[in-house]
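Novice: here is my input, please return the structure:
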Amino acid sequence: MGNVTWLADALRAEGLRTIEHDGWRTRGHGAFRDIRGVMAHHTAGGTPNDWRVVLEGRPDLPGPLSNLVLEKDGTFRVIAAGVCWHAGRGNWPGWPANNANFHVLGIEAVSSGRPDSQGRYDWTVEQLDAYARGCAVLVVQAGFPVRNVVGHKEYSAEGKIDPAGFDMDVFRAEVGRIVERIRAGIPASDQSVFPLPSGYYFGPLDGPDESISGQHPSEWPLWRAGLRHWQESVGVPVTGAWDEATAVAARAVQQANGWEPTGLIGPGTWAAGLREGLPAQPAPMPPVPAPTLPEPPAPPDGAALPAGWRRFLERGWRSLRDAPRWVLDRMGRR
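Specialist: Numbering: from 1, shown residues only. Here you go, the predicted model:
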């Protein structure tokens, strides 16, 4: 198999910022036997100098410790093209037990791995975007399946927790979406691409796992950014959450295209909203004036009707005059 000297070029082709460290093409603890996947880590430091430890190693473990380091601003540092000591003891289907290093690439992303007082981790949006895109690049270039994008915590028999704060199933779904885009030859800058994985849609919080509301903490943060883009395009409040205004806009787009007005945003509604915006609202129907009837004829000059007959005739004419208005009221056409 040899060294993966294509790393830097492949990342740049996806538009990812890349720093090449001198000697990386020949650096490593030997050559890979084959590439079966990539393992996602966090550095547990969270400082601008974490990459030095990955490159140089620790007193108990010589470097390089990973092929790539991902900085908080989304920049990849290319550390080594050969085998790195990152996997440790553990197992994953299709990988040799306790010996994944010779078959698996490693990415160390800069993070403390500790939540703050509100349970939030120190990942940045730029970093998360680059993490998923970088893993997708490796899937496409090395040819392994998306299911072999694995968190250290999923593989490890040593109690590892990295990458902390990640739902790896959600992460793999996002990587899979990007893999499809890359294989279709669509650049990352094309905002018309539906931002959710296949089978997912924007919908209510209490929906199934595939219903992305923009409100659940496990949802990939970049999905909320996609929903904000759609909201801005159709002219509704930009909240990043599937709310009533967004559902109303989605139903309007669906009705204009002859689709069932569910209010859920899938690929079709997404594309139609970006392409056409909200359909023009029909002008309100002008009020229909009630027909008027002539006043009752006056009695001949000099003639006089008895008071009872006069009241009877006036009530009759009023009833005839008001009947059309009553009918229109009942029809809701006021």
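Novice: below-threshold pLDDT in the stretch 151-300 of the chain: ranges please.
Specialist: Low-confidence segments of the stretch 151-300 of the chain, defined by pLDDT under 70: 281-300.
Novice: if you set the cut-off to 90 instead, what comes out?
Specialist: Scanning the stretch 151-300 of the chain for pLDDT under 90 picks out 217-218, 277-300.
Novice: all helices for it, in order.
Specialist: 152-155, 168-183, 221-234, 244-256, 267-276 (DSSP state H, counting those that start in this stretch).
Novice: residue contacts, the closest residue to residue 57 other than its chain neighbours?
Specialist: The shortest distance from residue 57 to any non-neighbouring residue, by CB to CB, 6 or more residues apart in numbering, is to residue 63 (3.2 Å). C-beta coordinates here come from the backbone N, C-alpha and C atoms, glycine included. Taking CB atoms under 8 Å, 6 or more residues apart in numbering, we find residue 63 in contact with 53, 54, 55, 56, 57, 79, 84, 85.
Novice: any idea how far residue 63 lies from residue 79?
Specialist: Remark: distance between residue 63 and residue 79 (CB to CB, to the nearest Å) = 8 Å.
Novice: mind listing the shared neighbours of those two?
Specialist: Shared contacts of residue 63 and residue 79 (CB under 8 Å, 6+ apart): 54, 55.
Novice: which residue ranges make up the domains of this structure?
Specialist: Domain assignment for the chain by automatic domain parsing gives 1-190, 191-281, 292-334.
Novice: give the burial count for residue 120, as a bare number.
Specialist: A count of neighbours around residue 120, defined by other CB atoms under 10 Å, yields 10.
Novice: save the helices of the stretch 151-300 of the chain as CSV, and put in mean neighbour count too.
Specialist: Output for these, formatted as CSV (neighbours: other CB atoms under 10 Å):
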stretch, mean neighbour count
helix 152-155, 20
helix 168-183, 20
helix 221-234, 19
helix 244-256, 19
helix 267-276, 17
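Novice: columns distance to residue 4 on top of the ones you listed, output as TSV?
Specialist: Formatted as TSV, the helices of the stretch 151-300 of the chain follow (distance: least, CB to CB, whole Å):
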stretch	distance to residue 4
helix 152-155	19
helix 168-183	17
helix 221-234	26
helix 244-256	43
helix 267-276	34
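Novice: all strands of the chain, in order?
Specialist: 18-20, 37-42, 57-58, 61-62, 68-70, 76-78, 104-109, 149-151, 201-202, 211-212 (DSSP state E).
Novice: so which of the helices of the stretch 151-300 of the chain gets nearest residue 145?
Specialist: Closest to residue 145 of the helices of the stretch 151-300 of the chain is helix 168-183 (CB to CB; 9.4 Å).
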